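[1] Prediction below, plus the sequence it came from.
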Amino acid sequence: MVAAFEVRPCAPLGAQVDLDLSTALGCDASSARGVADRLRAELDVHGLLIFRNQHDLTPEHHLAVAEWFGSIFPLPRRFQHPRSPHPGSILRVSNTAEEGFTGVGTTGWHIDGASYPTPFKVQLLSVVHVPASPGPTLFLPLYPLARHVLKHRPEWRKLSACVGEGDKTVKHPLLFEHPRTRRPSVVLGKLSGLVWNQSEQEDEATTYSNVQNAAAILAELDHDTQHHASVAAYRHDWQAGDLVIADNLAIAHLAPPETQLPSVIAGLRVLHRIVVAGDDPLRALQADCVVVEGANL
C-alpha cells in the first residue's frame, strides 16, 4: 500500500523515499492527503527527500507534488524559458541555452528566493536529461553552521543580511528561526550588505563597497560555510527518474562548475525546478529557539 512506504536516512544528509509519486497522486483523496502529511513531516526531520526511479513522473505530476507543500511561486517573465512545459511555474535549467537557463545556482552556497521579502519554503528538482559526465547538485544543512556561528559569534544574531541594491534592497535576519522546526538557520547567497540592528534609531549600515567590517564578517562566514561543506555536504549525482525535494530554509545548495560544461563535452543536462512560496518574512532568533548539540539537522 502507498501509505506503508519506507523512508531510509542517507549519509551525510537527507533520506531516500521508496515511493512512486505518480501512483500516490492517483490514489483516493484521503490516501493522497496521508502521503502529503507524512512527506511534510519527513522533510522537517531530514531536510532533503530523494526519490529514485520516478520514470512515469510528468511535469503535471511535478506540479501536483509541489502543491502538497504550499502555493507554487509564479515565475517572473525573465525566468520563463520557452522549452519549459509550464513556463510560469517550472524553471528549466541546463548547460545549453537553447534548452534552459544556464549558470543557475553556480555562484556559491545559497538559499532560493532571498531577494524576496519571503524566501521560498521548498524546492523540488526533477531531472529531465542526465549528462554523460557528472552534473551533480550539492546540498548543505544550515543548522550545524548556524549553531557554530551562535557559539563563536553570538553577536551576529543582531545582524541583518541585505540582498539587492537601492530601493530594491530586501533585509532578512542573518540568523533566523526556521518557521516549523524552530531551529536556527542562516541566510546564504548574494548578500549586498549587512546591518547591525542596534536600535531603530541607530543602525550601523555596512556594505561590501565601503566598510571593511562587512567584508571581514562575510569572509569569515564564507570560511565557516566552506569548512562545514567539506564535512557535511551531500552530493547528488543525478540518475534518470530522480526527483529531490529540499527544505529551502534548512538546506543550502550549489551547482558546481562541472554542471556548466558544454553539452558537446559533458552531454546535455536539464533539470526542472519548482519552488513553493514562503508564508511569512524570516523571523529573528528568539531566546527559546531550539538548539540541540550534536544534531545535524
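    All right, it came through fine.

[2] Contacts for stretch 22-39, please.
    Outside stretch 22-39, the residues within contact range by Cβ atoms under 8 Å, 6 or more residues apart in numbering are 2-3, 5, 17, 19, 49, 54, 56-58, 61, 64-65, 68-69, 245. No exception for glycine: its C-beta is placed from N, CA and C like everyone else's.

[3] typo on my end, stretch 63-78
    Outside stretch 63-78, the residues that touch it by Cβ under 8 Å, 6+ apart are 21, 25, 35-36, 39-40, 43, 86-91, 113, 120-122, 124, 243, 245, 274-277, 279.

[4] Could you pick out the buried ones from the contacts of stretch 22-39?
    Buried members of the contacts of stretch 22-39, counted by 16 or more other Cβ atoms under 10 Å: 2, 5, 17, 19, 49, 54, 57, 61, 64-65, 68-69, 245.

[5] so where's the stretch 51-200 of the chain uncertain?
    For the stretch 51-200 of the chain, the stretches flagged by pLDDT under 70 are 198-200.

[6] 80 - rerun?
    For the stretch 51-200 of the chain, the stretches flagged by pLDDT under 80 are 197-200.

[7] could you pull out the strands for it?
    Along the stretch 51-200 of the chain, the stretches classed as strands by DSSP state E, counting those that start in this stretch are 91-94, 122-129, 137-141, 159-163, 170-173, 175-177, 184-186, 193-196.

[8] What pairs with the fourth one, parallel or antiparallel?
    This points to strand 159-163. When pairing is defined by DSSP bridges, strand 159-163 lines up against strand 170-173 (antiparallel), strand 193-196 (antiparallel).

[9] Can you add distance to W109 and mean neighbour count and give those strands back as a markdown table?
    Output for those, formatted as a markdown table (distance: least, Cβ to Cβ, whole Å; neighbours: other Cβ atoms under 10 Å):
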| stretch | distance to W109 | mean neighbour count |
| --- | --- | --- |
| strand 170-173 | 16 | 21 |
| strand 193-196 | 17 | 21 |
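
[10] For the chain, just list every one of the helices.
    All helices of the chain, identified by DSSP state H, fall at 21-25, 29-46, 59-67, 143-152, 212-232, 263-266.

[11] Work out the gap between the third one and the centre of the chain.
    Okay, so that is helix 59-67. In terms of Cα atoms, centre = their mean, to the nearest Å, the centre of helix 59-67 is set 18 Å apart from its chain centre.
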